[in-house]
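K.L.:
give me the fold of what follows.
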Amino acid sequence: MGKRRGFARSAGYSACEPPCGTGRSDTGGGSKIGIRPEVADAKDKTVPASLRSAQDASLWLSKRHDPVGLSLVASVETLCRDAHEDHDWRAGRGPLRLSNRKLEEKIESWLELPMRKPADILLEKVDWEAGAWLSSWETSLPPDRPRYFKHDGFTGRIWLLSGEDPSEDVDDDDDITAYEEYDNAAEIAKNLVACWPNSPREIATAAGITLRQLQWFISERSLLDRAARFDLLRLLGIEYDEGMGGYTPAGPYVLIARKAHALEAVYQEISGGGDACPCEIVPTQGQADPSWRYILINAYGTPPTFVMAPRGEAITERLPDLIMNYEGIRPVSASLYRDVVSTCARACQTPQANVREMTEFARRYERHWTDCKWLSD
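P.N.:
Sure, this is the predicted structure:
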């Protein structure tokens, strides 16, 4: 606030610096109207913060002006009039009490500066080249998602809402009440990605989407198109359970114990709420893997899943608390142990190999888990 940096104050309007340009810092014609183009840094958070602040402020405008019609143009013009009136009202109030006398003095000093009306200059004569505006935003835009306009009869405004337009699904001839099913696919995917042997970037590439699309989907901030969603769920072994009315991790998997919450959530899903007798397997003869501990999740009548827990890590010591009904260590034959270690190694090579290698492992030992819990007494 203490720096003028080319800001021009006038009785009718003010000109301020645009947040971007093409990198040319010479003012040229821009100096004549008090504008200095600058390139927004990729890590600059002030521009998106300003947008969020403006969006939040728009919800609290006085809405004293009524739209002249139901068109989008009329709604935008009304929004501008409301914003202009709100600006004039705030500008006339003077600086608020900020509990910072030094800052208040700077504000008062700036307000006392003489008004200067910028010179009129044709835009085609400015001394900078047109470029991508807000380039730091454009690299972080959320994936596209369905949106629709809705007229608010109470305020007279038209709002842009996210999601599918519910009016398109209305069937006047159908009097049966439709109940919306809970879509927990993103939540399941989020926990699996946190436990997957491969990085989120590798998972996204294998599913044919970008890392940002994957991140926005599992954080439930954006949707994937039908094809991309199908490919991602198939890659992660997520299937729809009609009996439960939701999605579930069908597996089988090799998972890595990294995040406690994600591991506990995946185990609860795989085991049906803890209906399993999980245990750590070790060879009856020979040395165990010096780097990893192998935890068998053996839910009743389902293919086995293995959790690889790094030795010496804090989360590994918490396994008895995170995995319900944990039964400790159980010895198995050396040949089975070697098969588990080699299968897990192959399953960790690529995102696609995980379910594939574990499915083959489950087939080799099908008689051990079909209609029972493997290694159960």
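
K.L.:
now residue 277: how far from residue 323?
P.N.:
10 Å (CB to CB, to the nearest Å). All C-beta spots, glycine's among them, are computed from the backbone N, C-alpha and C.

K.L.:
now do residue 83
P.N.:
For residue 83, the distance to residue 323 (CB to CB) stands at 55 Å.

K.L.:
and for residue 247?
P.N.:
Distance from residue 247 to residue 323, by CB to CB: 22 Å.

K.L.:
before we move on, back to that, looking at residue 277 and residue 323, which has the bigger crowd around it?
P.N.:
residue 323 (24 against 20; other CB atoms under 10 Å).

K.L.:
okay, now the domains of this protein?
P.N.:
8-138, 185-369 (automatic domain parsing).

K.L.:
of all the ones you listed, which lies closest to residue 159?
P.N.:
Across the domains of the chain, residue 159 has its closest neighbour in domain 8-138 (8.7 Å, CB to CB).

K.L.:
and for residue 231, the neighbour number?
P.N.:
Neighbour count of residue 231, defined by other CB under 10 Å: 15.

K.L.:
hang on, it packs against residue 207?
P.N.:
Yes. Counting by CB atoms under 8 Å, residue 231 touches residue 207, with 5.0 Å between them.

K.L.:
common neighbours of the two, please.
P.N.:
With CB atoms under 8 Å, 6 or more residues apart in numbering applied, the contact sets of residue 231 and residue 207 do not overlap.

K.L.:
tell me which of the domains of the chain sits most buried.
P.N.:
domain 185-369 (a mean of 18; mean count of other CB atoms under 10 Å).

K.L.:
now that domain: mean pLDDT?
P.N.:
Confidence over domain 185-369, taken as the mean pLDDT, stands at 89.

K.L.:
what sits up against the host helix or strand of residue 331?
P.N.:
Assessed by DSSP states H and E, residue 331 sits inside strand 329-332. Here strand 329-332 makes contact (CB under 8 Å, 6+ apart) with 279-284, 296, 340, 375.

K.L.:
which of those sit farthest apart?
P.N.:
With distances taken as CB to CB, the most widely separated pair in the contacts of strand 329-332 is 284 and 296, at 15.0 Å.

K.L.:
so residue 74 lies in a helix, does it not?
P.N.:
Yes. Residue 74: assigned to a helix according to DSSP: H, G, I helix; E, B strand; the rest coil.

K.L.:
the closest residue in space to it that isn't next to it in sequence in helix, strand or coil?
P.N.:
Nearest residue to residue 74, sequence neighbours excluded (CB to CB, 6 or more residues apart in numbering): residue 67, at 4.3 Å. With three-state DSSP as the basis, residue 67 sits in coil.

K.L.:
from residue 323, how far out is residue 340?
P.N.:
Applying CB to CB to residue 340 and residue 323 gives a distance of 17 Å.

K.L.:
my bad, should have said residue 359
P.N.:
Taken as CB to CB, the span from residue 359 to residue 323 is 22 Å.

K.L.:
ok, residue 331 next?
P.N.:
19 Å.

K.L.:
same deal with residue 334?
P.N.:
From residue 334 to residue 323 the distance is 25 Å (CB to CB).

K.L.:
phi and psi next, for residue 357.
P.N.:
phi -70, psi -40 (degrees, to the nearest 10).

K.L.:
residues in contact with the closest residue in space to it that isn't next to it in sequence?
P.N.:
If the residues on either side of it in the chain are set aside, residue 357 comes closest to residue 347, at 4.0 Å by CB to CB, 6+ apart. If you count contacts by CB under 8 Å, 6+ apart, residue 347 has them with 197, 253-254, 353-354, 356-358.

K.L.:
for those, which one is nearest residue 212?
P.N.:
Taking CB to CB as the measure, residue 212 sits nearest to residue 197 out of the contacts of residue 347, at 21.7 Å.
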